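The following comprises the amino acid sequence and a computationally predicted model.
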Amino acid sequence: MRKISIIGSGSWAQALTKVFVNREILVKYRKSVNKSKFTSKTIRFTNHFKDLDKSYFIFLAIPSQSIRQNLVELRNKTNFYNPVFIICSKGVEQRTDQLMSEVVLDIFPKSRIVVLSGPNFSSELIKNKPSATVLSSLNKKSLLEVSELFSLEKLRVYFNSDIIGTQLGGAMKNVIAIACGFAKGKNLGENAKAAIITRGISEIVKLGVKMGAKRKTFYGLSGIGDLTLTCSSLKSRNTKFGYDLAKGGKLNSLKEDCTLEGFESCESICKLGQKYEVELPLCNSVKKLINGANPKLVISNLLSRPLQFEN
């Protein structure tokens, strides 16, 4: 049996562990004549990268800004040939403005990469509630191999080969979610939220296409699906951050409460907009808000932009 390792200790790492436990139970249940209960004895926890030695599948369920540091340590303390890295983090690296797949290839150039994304709250995966997710890779064999790990009755898996679009959709939706949370905190209404989501997907598509992504990717699970879920619930850490910020919460204390991928990636996403000459008014407005700009002025400037055709 191929060795599976998960790097991380947060909610996503816990959700993935639960998925694999459920899968083992399901497989054992189907194969068992008497349908006796099954308890996994194959999962162990460790604080040492050396214990990940010779893993075939490695899930990266850690904040995007710590992936490079963890991978460097992993490379120095383990023995790998060509692992399959499954990227579960949704962000853009601050120092390099790179997507997570680019960071992984910097450290492990021969690795195979699969991106896991979609509208999935980890708390609902843990409770085994119905969900759909997308796996993205340029390697068809890796897609099929990883999909077999998620073979559960209540978890529907879809594929695509657009790793740029899948990652960018997941990263940018966190920034748009901060805007939605802020609008909710300021009681701007449901119309405003709908406008933010709609114009948000427009910004994601425009930048994504310029970066080489496929337009259709953004109308799937990792695009509008993930964006809609994240922007519609205060369960989302980024939406809750925007909401609390609008209610007068102090930036430093809000940042300390949990990992905020939208906050961490916002500056880099705005830089990518400049690099590819794409206007990102919403993302830039969020950047101004988290940099301490006057909210009334930010909203006024956003609403007073020149009139244009919708595209």
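It's in.

now Val114, what's its secondary structure?
Under the three-state scheme (DSSP: H, G, I helix; E, B strand; the rest coil), Val114 adopts strand.

And the pLDDT at it?
Note for Val114: predicted pLDDT of 98.

how many neighbours does it have?
Val114 has 25 neighbouring residues, counting by other Cβ atoms under 10 Å. Yep, even glycine has a C-beta here, placed from its N, CA and C like the rest.

distance of the closest residue to it other than its chain neighbours from Thr198?
With Cβ to Cβ, 6 or more residues apart in numbering as the criterion, Val114 has its nearest non-adjacent residue at 4.3 Å, and that residue is Ser137. With distances taken as Cβ to Cβ, to the nearest Å, Ser137 is found 30 Å from Thr198.

neighbour-wise, which of those two wins?
Counted by other Cβ under 10 Å, Ser137 and Thr198 do not tie: Ser137 has more neighbours, with 26 against 12.

Let me see the contact set for the more buried one.
Residues near Ser137 by Cβ atoms under 8 Å, 6 or more residues apart in numbering: 112-115, 143, 146, 159, 161, 163.

Now which of those would you call buried?
Burial by neighbour count, 16 or more other Cβ atoms under 10 Å: within these this picks out 112-115, 143, 146, 163.

Dump those residues to TSV, plus distance to Thr259.
Output for those, formatted as TSV (distance: Cβ to Cβ, whole Å):
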residue	distance to Thr259
Arg112	26
Ile113	22
Val114	22
Val115	18
Leu143	27
Val146	24
Ile163	22
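
pLDDT (mean, whole number) over whichever helix or strand Gly242 is part of?
Per DSSP states H and E, Gly242 falls inside helix 237-246. Helix 237-246 shows a mean pLDDT of 94.

Now the element after that helix, going C-ward?
Moving toward the C-terminus from helix 237-246, the next element (DSSP H and E) is helix 251-257.

Quick check: buried residues in the very next helix or strand once past that next one?
Where DSSP H and E defines the elements, the next helix or strand beyond helix 251-257 is helix 261-275. Within helix 261-275, the residues that count as buried by 16+ other Cβ under 10 Å are 261-270, 272-273.

packing partners for helix 261-275?
The contact analysis (3 or more Cβ pairs under 8 Å, 6 or more residues apart in numbering; DSSP states H and E) places helix 261-275 against helix 163-185, helix 190-210, helix 237-246, helix 281-290.
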